[in-house]
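Peer 1: okay, sequence plus prediction incoming.
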Amino acid sequence: MTASQEHDWILRPATRSDLQNVCELINTCSLALHGVRVDAQRNVDLTWRQPGFSLETDTRVAVLFDGRIVGYSEVEDTEAPHVRAGSWMRVHPQFNGLGIEVALLDWVERRANETIAKAPSEARVTLTQGIQDEDLSMKALLEQSGFVSKRHFWRMEIDLLGDLPEPAWADGISVRTFVLEEDLEALVHAHRNAFCDHWGHVDVPFEQELREWGYWIRNDPEFDQTLTFLAMADATIAGYSSCDPRHSEDPAMGYVSVLGVTRPWRRRGIALALLHHTFREFKNRGQQRVCLGVDAASLTGAVGLYEAAGMRSTRQTTIMEKELRPGVDLSLQALGGGTES
């Protein structure tokens, strides 16, 4: 067998039986980029089973003739108004340079172009992909294909050492934990209000967003409603911190999945109090660290808040974007209708 024959491969849709091998590929890529293992199975499984996502049409695996999976890509296009398709790819580091990444990206672009017909006729349509800054070869490939760097996001962390600050709640605010069957609809309303002025926000129908939250919460085997904290103003959710018990790369690190304060209740210290409450709860549960993700140029000043809470940036992800069709941009790019500098 020649070297080229040994490395022959095909692309095909992923199947449920590929789950473990795809997750092992993701883990191998994480080890190569960051030197850490990642437990991706929960997230990949939830993504594959989410309503509107089809393994047949929305995934591809690169498979060697001996059955090994050495590449994976997916396109997520489950949300109306279908103006932004998300994607990501992984290729086994030992099989870079064989054309696998090129073929996967070509499939991603062809699949993403199918979203154009579903978008409003006047709307700009884009394809995005988040890449780790260490992945220089993937960044170069995307740039060669017409992607541009659009935004940076940081992972920020804090070590839970010593005595942690007690939360200082604003007058009229109390905190309690989330109760799924009682609070889900109100939490989604609060989230929509809190994030409608964040970069990249696109309005989606409320019922669609409610279904999505319900799916991810009810089907996540690790979701713990006692790790979602609600800052209450009487019966109204003024702010919230929804957390995962562990990060996929570090079982000793808690993860703040989303934190927000509704617009009427901002500038009253509620976000900082929620962070302090969250940190103390994770420490009480034995976690050593906490992390979250944030837009590095947050329109609402989130980075300054997290730094004030003692967090530091430990990793950067770049959002790469390719325009599939020009038009009216339905995503928020700046506050007040202006253009960001």
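Peer 2: Arrived safely, thanks for sending. Numbers count the residues shown, from 1 in each chain.

Peer 1: gap between Val83 and Lys118?
Peer 2: 9 Å (Cβ to Cβ, to the nearest Å). Where C-beta positions appear, they are placed from N, C-alpha and C, glycine not excepted.

Peer 1: who has more neighbours, those two?
Peer 2: The neighbour comparison of Val83 against Lys118 (other Cβ atoms under 10 Å) goes to Val83, with 23 against 13.

Peer 1: right, and that one touches Pro120 too?
Peer 2: Yes. Val83 is within contact range of Pro120, at 7.4 Å (criterion: Cβ atoms under 8 Å).

Peer 1: joint contacts of these two?
Peer 2: Leu330 (Cβ atoms under 8 Å, 6 or more residues apart in numbering).

Peer 1: list the helices and strands the helix or strand encompassing Glu181 packs on?
Peer 2: Counting by DSSP states H and E, the element that carries Glu181 is helix 180-195. Helix 180-195 is packed against helix 206-219, strand 228-233, strand 236-244, strand 253-261, with contacts defined by 3 or more Cβ pairs under 8 Å, 6 or more residues apart in numbering; DSSP states H and E.

Peer 1: direction included, what does the shortest one pair up with?
Peer 2: Each strand that pairs with strand 228-233, with its direction, by DSSP bridges: strand 173-177 (antiparallel), strand 236-244 (antiparallel).

Peer 1: now it against helix 206-219, angle please.
Peer 2: 130 degrees (axes from the mean of the first three to the mean of the last three Cα atoms, to 10 degrees).

Peer 1: without its sequence neighbours, what residue ends up closest to Leu305?
Peer 2: Nearest non-adjacent residue to Leu305, counting by Cβ to Cβ, 6 or more residues apart in numbering: Ala271, 5.6 Å away.

Peer 1: separation between that neighbour and Glu109?
Peer 2: Applying Cβ to Cβ, the value for Ala271 to Glu109 is 38 Å.

Peer 1: looking at these two, which is more packed in?
Peer 2: Ala271 (26 against 18).

Peer 1: is that one in a helix, a strand, or coil?
Peer 2: Following DSSP: H, G, I helix; E, B strand; the rest coil, Ala271 is assigned to helix.

Peer 1: right, and it touches Val256 too?
Peer 2: No. Using Cβ under 8 Å, Ala271 is not in contact with Val256; the gap is 11.0 Å.

Peer 1: quick revisit: out of the helices and strands packed on helix 180-195, nearest to Pro93?
Peer 2: The closest of the helices and strands packed on helix 180-195 to Pro93 is strand 253-261. By Cβ to Cβ, the value is 24.8 Å.

Peer 1: the closest one packs against which elements?
Peer 2: Using 3+ Cβ pairs under 8 Å, 6+ apart as the test, strand 253-261 ends up in contact with helix 180-195, strand 236-244, helix 270-284, strand 289-295.

Peer 1: low-confidence ranges in the protein?
Peer 2: 1-7, 336-341 (pLDDT under 70).

Peer 1: all helices of it, in order?
Peer 2: Applying DSSP state H to the chain gives helices spanning 3-6, 19-34, 41-49, 55-58, 100-113, 136-144, 180-195, 206-219, 270-284, 302-308.

Peer 1: winner for burial among those?
Peer 2: helix 270-284 (a mean of 21; mean count of other Cβ atoms under 10 Å).

Peer 1: just give me how far it sits from the chain centre.
Peer 2: 22 Å (Cα atoms, centre = their mean, to the nearest Å).

Peer 1: and stretch 181-199, by the same measure?
Peer 2: 17 Å.

Peer 1: now it - C-alpha only, PDB.
Peer 2: The C-alpha trace of stretch 181-199 is given here as PDB (Å, rounded to 0.1, in the frame of the first residue of the first chain):
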ATOM      1  CA  GLU A 181     -41.600  24.400  35.800                       C
ATOM      2  CA  GLU A 182     -42.300  27.800  37.400                       C
ATOM      3  CA  ASP A 183     -39.600  30.100  36.100                       C
ATOM      4  CA  LEU A 184     -38.600  29.100  32.600                       C
ATOM      5  CA  GLU A 185     -40.800  31.500  30.700                       C
ATOM      6  CA  ALA A 186     -39.900  34.400  32.900                       C
ATOM      7  CA  LEU A 187     -36.200  33.600  32.600                       C
ATOM      8  CA  VAL A 188     -36.300  33.500  28.800                       C
ATOM      9  CA  HIS A 189     -38.100  36.900  28.900                       C
ATOM     10  CA  ALA A 190     -35.300  38.300  31.200                       C
ATOM     11  CA  HIS A 191     -32.600  36.800  29.000                       C
ATOM     12  CA  ARG A 192     -34.100  38.400  25.900                       C
ATOM     13  CA  ASN A 193     -34.100  41.800  27.600                       C
ATOM     14  CA  ALA A 194     -30.600  41.400  29.000                       C
ATOM     15  CA  PHE A 195     -29.000  40.400  25.800                       C
ATOM     16  CA  CYS A 196     -30.900  42.500  23.200                       C
ATOM     17  CA  ASP A 197     -28.100  45.100  23.200                       C
ATOM     18  CA  HIS A 198     -25.200  42.600  23.000                       C
ATOM     19  CA  TRP A 199     -23.000  42.500  19.800                       C
END
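
Peer 1: Ser149 against Gln316, yeah?
Peer 2: No. Checked against Cβ under 8 Å, the pair Ser149 and Gln316 is beyond contact range at 11.1 Å.
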